[in-house]
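**Q** Provided below are the primary sequence and the corresponding predicted coordinates.
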Amino acid sequence: MRFLASASLFLASLIANPTSAQQARAGERADLVVVDKSERTLWVYQGGKAIRTYRGLQFGDAPQGHKRFQGDEKTPEGRYTLDYANPQSSYYLSLHVSYPNAQDRAYARARGRSAGGDIFIHGQPNALSFDDRVEGDWTDGCIALSNREIAELWSLVPDGTPIDIRP
């Protein structure tokens with residue numbers, strides 16, 4: 001059902017913004033997403049083959065290192081799941097990353113802290129026009145793309161897709 005809604009959102013963005021990133025081709029579905037923080041690159045894989053690449057990712061204000069605690073403004077590293085999509089985000093579309101996992105929670109709890117949460121791959125703030133982009137690293141630990149890129153990614157990634165986030 002999400003794909004019907006996401007296809008409608010994506011098509012609406014194409015109509016409103018005809019120079020949008022290339023459309024998802026029929027039958028394309030991600031079975032793995034890989035993010036390399038040091039290269040600021042995200043790859044979408046299907047059947048072991050990269051079908052999309054996005055460069056120039058934006059992270060939190062402290063992008064180096066693995067997220068350990070709420071408020072540290074780091075992006076998690078490791079294997080997680082893109083477990084649901086949020087079309088009602090404060091940012092243009094968002095895909096939830098399943099951080100924190102049991103190890104993340106245990107690490108933070110052992111230090112009397114919260115691991116945090118609410119980590120997403122998302123577009124730019126809704127207050128901006130569709131083509132505007134915040135400069136630099138500005139999220140609280142999320143991964144930000146342009147609105148055109150997240151619209152395309154949204155159409156490719158089903159709920160439950162694994163994501164590897166590398167240092």
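**A** Thanks, I have it.

**Q** And the contacts of the helix or strand containing residue 44?
**A** Taking DSSP states H and E as the definition, one finds residue 44 inside strand 41-46. If you take C-beta atoms under 8 Å, 6 or more residues apart in numbering as the criterion, strand 41-46 is touched by 28-36, 50-55, 57, 121, 143, 145, 153, 156-157. Where you see a C-beta, it was placed from the backbone N, CA and C, and this is true even at glycine.

**Q** Among the residues you listed, which lie within strands?
**A** Among the contacts of strand 41-46, the residues falling in strands (DSSP state E) are 32-36, 50-55, 121, 143.

**Q** Contact partners for residue 63?
**A** 37, 74-75, 137.

**Q** any low-confidence regions in this protein?
**A** 1-24 (pLDDT under 70).

**Q** just the strands in it please.
**A** Under DSSP E, the chain gives strands at 32-36, 41-46, 49-55, 78-86, 94-97, 119-122, 143-144, 161-166.

**Q** closest one to residue 106 among these?
**A** Taking C-beta to C-beta, strand 78-86 is the member of the strands of the chain nearest to residue 106, at 13.7 Å.

**Q** Between strand 161-166 and the closest one, find me the angle.
**A** Angle of strand 78-86 versus strand 161-166, following axes from the mean of the first three to the mean of the last three C-alpha atoms, to 10 degrees, is 130 degrees.
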